[in-house]
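Participant: Predicted structure and sequence below. I'll ask about it afterward.
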Amino acid sequence: MTVTESASERLVRIGEVARGAGVSVRAVRYYEQQGLLVAERSPSGQRLYRQDTIARVRFFQQMYAAGLTSRRIAELLPCWNSGHTDAEQRAMLRAERDRIQAKVDDLQTALDRLDEVITITDTHP
């Protein structure tokens, strides 16, 4: 789709999205291939994205880091886009939240144990 930039919304190139989100250009292309992003095209064929794409890519990175797949992230997008969910989507969101919370709890336990070891080693050089 070729577009012209509206005065109210500045479109950004793929490199700016990548820099702003702290990912590679290749990662942005991957998200597009997975159907997570949609690029518009300049008259010369360059990919152009809405400014909010940077926040969206950061969200993808956070969800990947939490263990979600591209498919699961794609299932979350309607919730992100509309702010509305049905019962099945809410159940999925809660299940993912519970899974992530369990992971956080495990990491907190590991962190606490490391703090104990550090305390012991600090008192016994």
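Facilitator: Received it, and whenever you're ready, just let me know what you need. Since the model is a prediction, treat every value here as computed from it, not as a measurement. Numbers count the residues shown, from 1 in each chain.

Participant: Tell me who's in contact with Val114.
Facilitator: Check again: residue 114 is Leu, not Val. By C-beta atoms under 8 Å, 6 or more residues apart in numbering, Leu114 lies in contact with nothing. From N, CA and C alone the C-beta is placed, and that goes for glycine too.

Participant: At which residues are the strands of this protein located?
Facilitator: Along the chain, the segments classed as strands by DSSP state E run 11-13, 40-41, 47-50.

Participant: Using a markdown table, please lay out the ones you listed together with mean pLDDT and mean neighbour count.
Facilitator: Formatted as a markdown table, the entries for those read as follows, by pLDDT from 0 to 100; neighbours: other C-beta atoms under 10 Å:
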| stretch | mean pLDDT | mean neighbour count |
| --- | --- | --- |
| strand 11-13 | 95 | 18 |
| strand 40-41 | 92 | 14 |
| strand 47-50 | 94 | 20 |
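
Participant: May I see those strands organised as TSV, with distance to Arg99 added?
Facilitator: As requested, those are exported to TSV (distance: least, C-beta to C-beta, whole Å):
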stretch	distance to Arg99
strand 11-13	33
strand 40-41	35
strand 47-50	30
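
Participant: and of these, who's closest to Tyr30?
Facilitator: The stretch from the strands of the chain with the least distance to Tyr30 (C-beta to C-beta) is strand 47-50; that distance is 12.8 Å.

Participant: Sheet-wise, list the partners of that closest one with their directions.
Facilitator: Partners of strand 47-50 in the sheet, by DSSP bridges, are strand 11-13 (antiparallel), strand 40-41 (antiparallel).
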